[in-house]
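Turn this into a structure:
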Amino acid sequence: MGRSADVRAPVSDLLRLPDGAVATQVDPRGTPGAEDRATAEAQLAEVAGRLEDLQQRLRAEGTRSLLLVLQGMDTSGKGGTVRHVMSAMNPAWVDVTAFGPPTEEELAHHFLWRIGRRLPGPGHIGVFDRSHYEDVLIVRVRELVPEHVWRPRYDEIAAWEGGLVTTGTTIVKCLLHISPGEQRARLLARLDDPTKHWKFDEADIEERARWAEYMAAYDEAIARTSTEDAPWYVVPADRKWHRNWAIAHILAETLEAMDPRYPPSDLDVPALRARLGPPN
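Below is the predicted model:
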């Protein structure tokens, strides 16, 4: 599926999945909106400054929050995105959750129960490394529950996210779209480096055998839950530099559209300065 590479267009517009489009038909090696690696990395430094300022404004305003949802196959760069993009922000106001398999306690509740407990509070930015979408992805592919259980979840998720938006949480959902060839290269790199063996999970090899099933699951999940209030962005992830550049721009553009404001102050600045006294 072709996309404009007009750098003047907002990156969020370039990567937002159009109605009727198929998510996994996006070229995972594409670099929409970016000129080249060197330029993108230089621009990333500039965007980092914008993110720092916007985050401070969001925190000072203290009434709204932003949730970044990162989904993708293993090695697509969810952790790398957190490390390279979110590092521009004050970590005290960023809440990162990496969701693993649900515990027995979590399985005893509605599938959204554990997700709701980790939502960002007012003034915070939350990041989900995997999320509630696992309950229509791996649950579907691995047949962990019957279809009549997981299929209604699309509508439940869309309604739940709509409620979050209504109550002040802006949601940014990004599919980090990687090719099977690039995933293989990254898994081999982990095997070749003893310091990365701890990151290698043999289950990833098993999941690769179900690649087509996962792509079908992603396509339906994204088509069913990409809404005006909580759209999906498909981020080509074979090139790490473009992935980081793109998500940084999407976050900055989203926060700029939110336009958080510093609250009005009733401080009597002259009086307070006088109370501080003269310099020592």
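
Helices of the stretch 51-200 of the chain, start to end?
Listed in chain order, the helices of the stretch 51-200 of the chain (DSSP state H, counting those that start in this stretch) span residues 78-85, 104-107, 113-116, 138-141, 147-150, 153-166, 180-192.

Which one of the ones you listed lies nearest to T24?
helix 180-192 (11.1 Å; C-beta to C-beta). C-betas here are computed from N, CA, C, even on glycine.

helix or strand right after that closest one?
helix 203-208 (DSSP states H and E).

residues in contact with stretch 249-260?
Outside stretch 249-260, the residues within contact range by C-beta atoms under 8 Å, 6 or more residues apart in numbering are 10-12, 15, 33, 47, 50-51, 54-55, 57-58, 60-61, 64, 66, 68, 85, 170, 172, 174, 233, 235.

could you turn that stretch into CSV, dropping everything but the C-alphas?
C-alpha atoms of stretch 249-260 as CSV (Å, rounded to 0.1, in the frame of the first residue of the first chain):
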residue,chain,number,x,y,z
HIS,A,249,6.6,12.7,16.1
ILE,A,250,3.3,11.0,16.6
LEU,A,251,3.5,11.6,20.4
ALA,A,252,4.6,15.3,19.9
GLU,A,253,1.8,15.9,17.4
THR,A,254,-0.7,14.3,19.6
LEU,A,255,0.4,16.3,22.7
GLU,A,256,0.4,19.5,20.6
ALA,A,257,-3.2,18.8,19.5
MET,A,258,-4.1,18.3,23.2
ASP,A,259,-2.5,21.7,23.9
PRO,A,260,-2.0,21.3,27.7
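
Redo the helices of the stretch 51-200 of the chain as a markdown table? Include mean pLDDT and mean neighbour count.
Compiled in a markdown table, these are given as follows (pLDDT from 0 to 100; neighbours: other C-beta atoms under 10 Å):
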| stretch | mean pLDDT | mean neighbour count |
| --- | --- | --- |
| helix 78-85 | 94 | 19 |
| helix 104-107 | 96 | 10 |
| helix 113-116 | 98 | 16 |
| helix 138-141 | 97 | 18 |
| helix 147-150 | 98 | 12 |
| helix 153-166 | 98 | 16 |
| helix 180-192 | 94 | 14 |
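
and those as CSV, adding distance to A98?
What follows is these, written out as CSV (distance: least, C-beta to C-beta, whole Å):
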stretch, distance to A98
helix 78-85, 8
helix 104-107, 14
helix 113-116, 12
helix 138-141, 15
helix 147-150, 22
helix 153-166, 19
helix 180-192, 17
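
The contacts of stretch 249-260, buried ones only, as a PyMOL selection?
Remark: buried members of the contacts of stretch 249-260, expressed as a PyMOL selection using 16 or more other C-beta atoms under 10 Å:
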select buried, resi 10+11+12+15+33+47+50+51+54+55+57+58+61+64+66+68+85+170+172+174+233+235
